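Colleague: this is a predicted model, with the sequence first.
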Amino acid sequence: MPWFKVTERAGEIHYLHSTSKEALLCEFITQQNWAIEVAEWNPKKLNYRTLLVFYEELYSALQSGIQIKEAISHLGTFSSKADIALICSAIVSELEKGRPLNTTLMKLVEPPVQAYCKLVNTNSTKEACLSSLEISIKQLRTLLDWSQRLLKSLLYPFFLIQLAIIILMINFLVTYSLTEHLINFIFIIFLYALCSLTQLALILSFQRGDACHWLERYSSSFRLNKFFSLLNTIRNTGCTLQEGVWIAAQHFTYHRFKLETLTVYYKLRLGNSYIKSFPQHWFPKSSSLALHSTQYDGDIERALTLAKIEHEKSWNIKIQRLERILPALCLLIAAGFVTHTIIKLYLPLLKVA
C-alpha cells in the first residue's frame, strides 16, 4: 500500500498509509473534512544506520519521561536530518489513527531492516518498551560495527586499484597515439568508470550496514553467532527460553534460518526435550556435551553459554579471515593492472634486445 501526503486548508500536513487515494478521501469525508489535498508520497526509507539513530533518540527521550508520541514528535521537530523528520511526522500521523508503532515503522524502513522493527513493544509497559529498544539498539550497533570493520579493510586496496588504473591510463597516453588507439583508450576509461562506480556502491552499502544482510544470508557462522548473542541479551531482560527463541527469530530475514528457529520454538512449546528441540549443529564442541547432559539434569544454561562462546570465537575467526581475504583479492586486481602496465612499458625494449 502507498503513502500519501494530506494537506488541510489550515496548512496542517499528515503523512498516512492507505490502500488508495480514494479510500483516504472517503475516510476524511466521513469525518466531515472536505477541504484537503491528497498526493502520493514516497518516503526515503530508513536503513540500518538511520534506524539506529532513530532508536537511540527515541530511547533517550523515553528515559527522560516523555511519552512515545511526544518523543517521536519532538524528534521530528528538532532532527537535523530532513528524512528522519518526515518519517517521524508519518509515524505520529499513524499513531493518531491508533496504529501500532512497530507495524508503522516496518512500512518506513528498507526490507532487510524490517526484522528490527517487529520487537518494538509500545503496547505494554514503559519498561518493556525500553527493554525492546535496548535489545534492538545493541544488535544494530554490533551489526554496523562488523560492517564497518569490513569497510575499513577495503579502503586501502580500493585506493591502490584506483592508482593502478590511473597509472595504466597515463602509460597508455605516453606510449600510444590517441588518434590511432582511441577505442582502446575508451575501453580503459570505461573500465575505470565501472571500477569506480562498483567501489562507490560497495562503500555506500557497507556504510549503511548492508553487509549484514549478505552475511546473514551466506554465512551460517554469522547467523548462529547473532542468534546466541541475541538470545543471551533477551534472556537477561527476564524472558523465558521460549520467549527468547521467538523474539530472536523475529530479528532474522533469511527465511530458512528463521523457519529453523521457529521450529525450535514450537518444539519447546510442545514440551519436547532440549536435545530434541535444538538442531545438533547449533551446539559445537563442548556445548554439544552440555546439551546432551540436559537429559539428566534439565539445565540448558551451560549449553547455551558454551554455544554462545563457541560461535563468537568461530565468527571472530571468520571475520578476521574476511578482513585479510578481501584486501588480498583487491590487491591482486591492482597487481594485475600494474603488471599489465609494466609489460606494456618494457615489451618494446625486450623486442629490441
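Modeller: Received, thanks.
Colleague: which helix or strand contains Glu37?
Modeller: Applying DSSP states H and E as the criterion places Glu37 in strand 36-41.
Colleague: may I have the strands that pair with that strand, each with its orientation?
Modeller: For strand 36-41, sheet partners with direction are given as strand 3-8 (antiparallel), following DSSP bridges.
Colleague: report the buried residues of the strand it pairs with.
Modeller: 3-6 (16 or more other Cβ atoms under 10 Å). For the C-beta atoms, the positions are set from N, CA and C on the backbone; glycine is no exception.
Colleague: which among these gets closest to Asp145?
Modeller: Distance ranking of these against Asp145, using Cβ to Cβ, places Trp3 first at 31.9 Å.
Colleague: not counting sequence-adjacent ones, nearest residue to the closest one?
Modeller: Counting by Cβ to Cβ, 6 or more residues apart in numbering, Trp41 is the residue found nearest to Trp3 once chain neighbours are left out, at 4.6 Å.
Colleague: go on, Asn171?
Modeller: For Asn171, ignoring the flanking residues on the chain, the nearest one in space by Cβ to Cβ, 6+ apart is Thr341 at 5.0 Å.
Colleague: show the pLDDT at the one you found.
Modeller: As summarised for this prediction, Thr341 has a pLDDT of 72.
Colleague: helix, strand or coil for it?
Modeller: For Thr341, the secondary structure call by DSSP: H, G, I helix; E, B strand; the rest coil comes out as helix.
Colleague: after the helix or strand containing Leu191, next one along is what?
Modeller: Here Leu191, judged by DSSP H and E, is contained in helix 182-208. Toward the C-terminus, helix 182-208 is succeeded by helix 211-218 as the next helix or strand (DSSP H and E).
Colleague: buried sites along the one helix or strand Ala85 maps to?
Modeller: Under the criterion DSSP H and E, the helix or strand holding Ala85 is helix 82-96. Buried residues in helix 82-96, defined by neighbour count with 16+ other Cβ under 10 Å: 84, 86-95.
Colleague: and Asn272, that one's in a helix?
Modeller: No: looking at Asn272 with three-state DSSP, it is coil, so not inside a helix.
Colleague: distance of it from Pro284?
Modeller: Asn272 is 21 Å from Pro284, where distance means Cβ to Cβ, to the nearest Å.
Colleague: if I pick the residue nearest to Trp3, what's in contact with it?
Modeller: Shown here is Trp41, whose contacts under the criterion Cβ atoms under 8 Å, 6 or more residues apart in numbering are 2-5, 15.
Colleague: let's see that with 7 Å instead.
Modeller: Trp41 makes contact with 3-5, 15, according to Cβ atoms under 7 Å, 6 or more residues apart in numbering.
Colleague: for the stretch 251-353 of the chain, what spans make up the helices?
Modeller: Remark: helices of the stretch 251-353 of the chain, listed N- to C-terminal, are 255-269, 274-277, 286-292, 294-297, 301-352; assignment by DSSP state H, counting those that start in this stretch.
Colleague: so which of those is nearest Glu22?
Modeller: Closest approach to Glu22 among the helices of the stretch 251-353 of the chain (Cβ to Cβ): helix 255-269, 34.7 Å.
Colleague: which residues belonging to the closest one are considered buried?
Modeller: If you call a residue buried by 16+ other Cβ under 10 Å, then helix 255-269 has these buried ones: 257-258, 260-261, 264-265, 267-268.
Colleague: same list (those) but as JSON lines, adding distance to Gly298.
Modeller: Supplementary listing: the buried residues of helix 255-269 in JSON lines, determined by distance: Cβ to Cβ, whole Å:
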{"residue": "Phe257", "distance to Gly298": "27"}
{"residue": "Lys258", "distance to Gly298": "27"}
{"residue": "Glu260", "distance to Gly298": "23"}
{"residue": "Thr261", "distance to Gly298": "22"}
{"residue": "Val264", "distance to Gly298": "17"}
{"residue": "Tyr265", "distance to Gly298": "19"}
{"residue": "Lys267", "distance to Gly298": "16"}
{"residue": "Leu268", "distance to Gly298": "13"}
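Colleague: hmm, which helix or strand of the protein has the shakiest average pLDDT?
Modeller: When each helix and strand of the chain is scored by mean pLDDT, DSSP states H and E, helix 21-30 comes last, with a mean of 74.
Colleague: that helix: which residues count as buried?
Modeller: Burial within helix 21-30, assessed by neighbour count using 16+ other Cβ under 10 Å, is assigned to 24-25, 28.
Colleague: does anything pack onto that helix? Which helices or strands?
Modeller: Contact partners of helix 21-30 among helices and strands, from 3 or more Cβ pairs under 7 Å, 6 or more residues apart in numbering; DSSP states H and E: strand 3-8, strand 36-41.
Colleague: from the middle of its chain, how far away would the last one be?
Modeller: Relative to its parent chain, strand 36-41 has a centroid offset of 31 Å by Cα atoms, centre = their mean, to the nearest Å.
Colleague: keeping just the C-alphas, turn it into PDB.
Modeller: The C-alpha coordinates for strand 36-41 follow below in PDB (Å, rounded to 0.1, in the frame of the first residue of the first chain):
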ATOM      1  CA  ILE A  36      -8.000  18.600   1.800                       C
ATOM      2  CA  GLU A  37      -5.400  17.900  -0.900                       C
ATOM      3  CA  VAL A  38      -4.100  14.300  -1.300                       C
ATOM      4  CA  ALA A  39      -0.900  13.400  -3.100                       C
ATOM      5  CA  GLU A  40       1.200  10.300  -3.200                       C
ATOM      6  CA  TRP A  41       4.300  10.400  -1.100                       C
END
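Colleague: helix or strand right after that strand?
Modeller: Of the helices and strands lying after strand 36-41 in sequence (DSSP H and E), the nearest is helix 48-63.
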